[in-house]
Structures are given as structure tokens and as C-alpha cells.
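Chemist: how does the following fold in three dimensions:
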Amino acid sequence: MEVATVDCMIDEGTRTWNAEMVNEIFAPQEAEEIKNIPLAREATEESLYWPWEHDGRFSCKSGYRFLKEDEDVLQLRDRCKEDNEDVVHAVWSCKELDGVWGMNNIWSLRNQQRFTSFSKLMAWVFQHQRNPDLFAFSIWSIWHQRNQVRTQQAYCPLNQLSQLVHDRYAEYKAFKPPPFPSRQKRRAWWKSPDQDIFKINFDGVIYAEEKCSGLGVIIRNQEGLVIASMSTRVPQQLQPIEIEALVASRALEFAREVGISEAVLEGDSLLVIKALETKDAKLAPFYLLIQDSIKLSSSFSKLSYSYSKREGNLVAHSVA
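Modeler: I've put the predicted structure just below:
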């Protein structure tokens, strides 16, 4: 096994993982992660991709963000110089910030409640209605002041920051415009295809407790009558984008099996629909699954693609 490669763990006949071999070689958690990786119908050459963009292409913007996040992790220890520093500590629980948060009683929970991430802290603020607007002003002011100190710019001392937050918040409330009257949102409905054209709707569902994914396909004619439908499950807990890419190819395969050659393929994943239309996402991690659909599309005499919001794709979602 010293010179073995990944393809030896793939059953080429079914294009699925050899579960028995994977379980024997890897630890249970690693084996589950490997078996959840979707496989394309045909073997393809390996390629490198940039994991911080949906299309797999490097961009200066995402590269800068990646480097800045890495830099911020290294430079967060600006105030109290603690070793185990994180964002929550830098803007919330640091003892140096007691004078900022302690000026208002609604933040008295700082010494009682522990949060493992900033997203959990923010969720708690919203859930318990602890003035999210004031919280946002406070967090921004603390972070901005920290950056000013770090870049050696003029900054507001911490003992004056609470008053600065209060003044800015009061100014915000004074100029805050009244809310616009609510408008009834236009619902997205399923639209019938052109005459003699069939519409193929597809969708995928994650069944986390059962560690599997559901695939649903429904084919209708111009009158909206159901011509055929398909529902199946795969024993893999895939990522949402992977499920959508996989079920798109299954939908085309199913349509050909029932004898349809002219159709519109419609789903509620804009990324998948764009990838199918442009065929320009070759570096995206899900592109191997898209490639299956592209190859299947050549068997149709007429095929177009359509994006629909979730409300217009509810039947396929229910089937899945």
C-alpha cells in the first residue's frame, strides 16, 4: 500500500467508494469524510483550485482577505497581550474593555456568559434583544480603535470610548428614517415551458440525522401535468452545492430514460445553473459533477437552463 493511489479505493464499475477498503485503512471519522466525497461518472485528471472562491479561481480580493485574516489572528494580542487571543476576546471579553462595556447594564452578562465564537455572541444579542444597533456601534468602535492603535494613527482612549459610542448611537437614532411600509413580496411561481417542450425541475435535500442526501426530479409538460417523477437517496451527506450538481445530472439521465429530447432544466441553485450555461467553472470543486451533466446534455436535441427561486421549485423539493 506504500505506492497505492486514491483510485484503488474507487469501484470503477459503479464509480463509488470501496467502503470496506476505506474503513480498513482510515480512522472512522476520516473514513466517513472520504466516503462523503462525491465522485463523477468518469475518471478525470486532477487539478488545483482556489478553495476560497465558488468557481475555484484565485482572485486578488479573496487572496487579500485570506492574508488579512491570517495577519489578524497573529496580531490580535494588542491590548492585554494574552497568548490565547481570539476575536471574541479582542472585542468583548478582554478585561481592558470593562470600562467600555460596563457603562451600560444591558452588557452585564459579559462576566456571566461565555461564547466560543463571535457568531454565537451576535446570535445571543439578537435572540435576547439586547439592542443590536448599540451592540454594532460598540463592536465597530472597539475594533476601529484597535486598528488605529495598531497602525499608529490618532485614536480615542479606551476610557473615552464608551461616551463616543453613546454619542454616535444617539446621533444615529436622531437621523434614523422611519421604516418603509412593508410591501408584499412577489411570490415565485412555476412557469410552464413553451409548447412541445418539457420542464425538468430538480432539487436536493440533506438528511443530517440519517447521514444521506435526497434527490428529487419532476418532469411536467406545458399544461403543468406531471409526465414522470423520481425520488432517490444516496448514502452520502453531501454539501448543498454538491447535491444540486449531482441531482442535475441525475435529472437529465432520468429524462432521457423516459424518452424526452427537448426540455428546460430548472433548479434553484444559481451557481449550478450558471455553471451549466457557461461551462466556465472548470476549477470549481463541484465541476466534475457539472461535467457529467454537460456530457448528458449532448443527447438532447434541444436543452436550455432556467434558474428559479425556491418557491418556484417546491414540488421538486418535496419529491426529494
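Chemist: helices of the stretch 151-300 of the chain, start to end?
Modeler: 158-175, 240-257, 270-278, 287-297 (DSSP state H, counting those that start in this stretch).
Chemist: now these in JSON lines, with mean pLDDT and mean neighbour count?
Modeler: From N, CA and C alone the C-beta is placed, and that goes for glycine too. As requested, those are arranged in JSON lines below (pLDDT from 0 to 100; neighbours: other CB atoms under 10 Å):
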{"stretch": "helix 158-175", "mean pLDDT": "88", "mean neighbour count": "14"}
{"stretch": "helix 240-257", "mean pLDDT": "94", "mean neighbour count": "23"}
{"stretch": "helix 270-278", "mean pLDDT": "92", "mean neighbour count": "19"}
{"stretch": "helix 287-297", "mean pLDDT": "90", "mean neighbour count": "20"}
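Chemist: right, and those helices - which one's nearest E96?
Modeler: For these, proximity to E96 was assessed by CB to CB; helix 158-175 is nearest, at 6.5 Å.
Chemist: tell me which other helices or strands the closest one touches.
Modeler: Where contact means 3 or more CB pairs under 8 Å, 6 or more residues apart in numbering; DSSP states H and E, helix 158-175 is packed against helix 98-101, helix 132-150.
Chemist: now mean pLDDT too, for those, in TSV please.
Modeler: Converted to TSV, these look like this (pLDDT from 0 to 100):
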stretch	mean pLDDT
helix 98-101	89
helix 132-150	89
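Chemist: just name the most buried of these.
Modeler: Of all those, helix 98-101 has the most neighbours on average by mean count of other CB atoms under 10 Å, namely a mean of 19.
Chemist: domains in this structure, by residue range?
Modeler: Domain assignment of the chain by automatic domain parsing yields the ranges 6-35, 76-175, 198-319.
Chemist: could you dump these into a markdown table with distance to D55 added?
Modeler: Formatted as a markdown table, these follow (distance: least, CB to CB, whole Å):
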| stretch | distance to D55 |
| --- | --- |
| domain 6-35 | 23 |
| domain 76-175 | 25 |
| domain 198-319 | 5 |
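Chemist: for H54, which of these is the nearest?
Modeler: Closest to H54 of the domains of the chain, according to CB to CB: domain 198-319, at 5.7 Å.
Chemist: what's the distance between the closest one and the middle of its chain?
Modeler: Put simply, domain 198-319 sits 18 Å off its chain's centre (CA atoms, centre = their mean, to the nearest Å).
Chemist: ends of that domain, what's the gap?
Modeler: Counting by CA to CA, to the nearest Å, you get 18 Å between the two ends of domain 198-319.
Chemist: what does stretch 28-41 give?
Modeler: Stretch 28-41 has an end-to-end distance of 26 Å (criterion: CA to CA).
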